[in-house]
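Peer 1: test case, fold it:
(one chain, ligands or ions: 2)
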Amino acid sequence: MDKVSTVKCKSYEDAYEAVKKSLELIGGIEKFVKPGDRVALKPNLVSKRAPDAAVTTHPEILKAVIKIVEDAGGKVTVAESPGGPYNSALLKGLYSVCGVTDAAEGTNAVLNCDTAFRDVPFPEGKTLKKFPIIQPILDADVIISLPKLKTHSMTGYSGAVKNLFGVIPGTYKAELHFRLDEREAFCSMLVDLCECVKPTLAVMDGVWGMEGNGPTNGEKRFAGVVMAGANLHALDYAACRLIGYDLSDIETLSDAAARGLFDPDEIEFVGEDPERIMLRDYVKPESHFNLLKLLSLPPALNSLMVKMLASRPEINAKKCVACGVCARSCPPKVIDMGTGKPVIDRKGCIKCFCCQELCPKGAVDIKRPLLNRFMIKVLK
Ligand code: SF4
Ligand code: SF4
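Peer 2: Ligands and ions are numbered 1, 2, ... in the order given. This is a model prediction of the structure:
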């Protein structure tokens, strides 16, 4: 049985107690960290946003985990490769704005600014046989994923497994989006990556999560929990149930279950039961997920319908400040800044929503085609 703990947490002022309890419920930190272990903490710092935007793992959660790991004798390094380029100056700015620098003050935690990485062969991978991985993750004896409870425009949900995408250096992430432009293949790659990295456990910041068009431009949503588990798929399953997703809604989950990496019926929920405190009105991204589920089509028709009905990015000219971040981060380079403002070439768009994720002004909307909206209305 995989154990997943869920502990109520009313505010970040109570983060330390909630994190400690969530770990005690799954066996205590000593079960995972031995004195002298090099421990890499991987928060979700997808973009340079202040902690109260609920985009990144809150510094109080990080601070609590650093203290608990250091009290157990672990040597902490905080490691992240956010969206966009991967360099020391950007990492320092990211740590500062996201509150990580303050969280580490008074501790011995090292904030990684070394941008070395290495290719790691992974012959057993179903979708990818090799991953470039950042050095602090390779150097660690123990890896702890610290995700934020969020929706995600491409994958539906961003949790413990998706958070590991940030162990891939900078622009390699865009390359993977480009190569694996179908959601199914991309999610299968995320499951491979989790198997390759072999994280020890995850502690989720679900105090303030994000709903709607996450992971960066959705709406803040209070969920009031901290969750922990050694099997990241089981933890993600519990978090998905909490926000009202089924196993079949989230491809990283269905893929991991099909590979036998976890069994939804073999999870012991300790603390709160996510099913009992489910947030049924948690808003999902405006992508095609709901529609495809309602249609229940055979796989062959599915991909055709995805193409016809998939939501697409659209630039909101009123909010856009023409910074060019979206064009630089677009994997197939189909955003043209020639006229000063971004213009998307729809034919080449692979609907990865990196532009929406990385736009600092929330100026990329997600539009559902009329037919999509109409069918959802009719089928509901
Ligand atoms: S990233 Fe956002 S603000 Fe910047 S050019 Fe693109 S749409 Fe405009
Ligand atoms: S335009 Fe946006 S959604 Fe389309 S491929 Fe580029 S980054 Fe991805």
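Peer 1: residue numbers of the chain in contact with ligand 1?
Peer 2: For the chain, the contact set with ligand 1 under Cβ under 6 Å from any ligand atom comprises 315, 320-326, 342, 359, 361, 363-364. From N, CA and C alone the C-beta is placed, and that goes for glycine too.
Peer 1: looking at the stretch 1-150 of the chain, which residue is nearest ligand 2?
Peer 2: residue 83 (10.5 Å; Cβ to the nearest ligand atom).
Peer 1: return the distance of residue 339 relative to residue 349.
Peer 2: Residue 339 is 18 Å from residue 349, where distance means Cβ to Cβ, to the nearest Å.
Peer 1: output the below-cut-off pLDDT ranges for the chain.
Peer 2: Within the chain, the ranges that satisfy pLDDT under 70 run 287-300, 302-303, 306-307, 373, 375-380.
Peer 1: who's sitting farthest from the centroid in it?
Peer 2: For the chain, the largest distance from the centre (Cα atoms, centre = their mean) belongs to residue 339, which lies 33.3 Å off.
Peer 1: over to that residue: give its phi and psi.
Peer 2: Note on residue 339: backbone dihedrals following degrees, to the nearest 10 are phi -90, psi 10.
Peer 1: now do stretch 94-101: everything it contacts.
Peer 2: Contacts to stretch 94-101, defined as Cβ atoms under 8 Å, 6 or more residues apart in numbering, come from residues 43, 45, 47-51, 56, 58-59, 62, 78, 80, 82, 104, 111.
Peer 1: mind doing that once more with 7 Å?
Peer 2: Residues outside stretch 94-101 that contact it (Cβ atoms under 7 Å, 6 or more residues apart in numbering): 45, 48, 49, 50, 51, 56, 59, 62, 78, 82, 111.
Peer 1: so how far is the first residue of it from its last?
Peer 2: End-to-end distance of stretch 94-101 (Cα to Cα, to the nearest Å): 9 Å.
Peer 1: mind listing what's buried along that stretch?
Peer 2: Applying a neighbour-count criterion of 16 or more other Cβ atoms under 10 Å, one finds 94, 95, 97, 98, 99, 100, 101 buried in stretch 94-101.
Peer 1: again with stretch 348-368
Peer 2: The neighbour-count check on stretch 348-368 (16+ other Cβ under 10 Å) flags 349-359, 363-366, 368 as buried.
Peer 1: distance between it and the chain's centre?
Peer 2: Chain-centre distance of stretch 348-368: 16 Å, with Cα atoms, centre = their mean, to the nearest Å.
Peer 1: that one vs ligand 2: in contact?
Peer 2: Yes - residues of stretch 348-368 contacting ligand 2 under Cβ under 6 Å from any ligand atom: 349, 350, 351, 352, 353, 354, 355.
Peer 1: please apply the same query to stretch 173-192.
Peer 2: No - against ligand 2, stretch 173-192 shows no contacts by Cβ under 6 Å from any ligand atom, the least distance being 6.9 Å.
Peer 1: name the helices or strands packed onto the strand or helix carrying residue 224?
Peer 2: Taking DSSP states H and E as the criterion, residue 224 maps to strand 219-229. On a contact count with 3 or more Cβ pairs under 7 Å, 6 or more residues apart in numbering; DSSP states H and E, strand 219-229 meets strand 2-8, helix 15-24, strand 201-211, helix 232-242.
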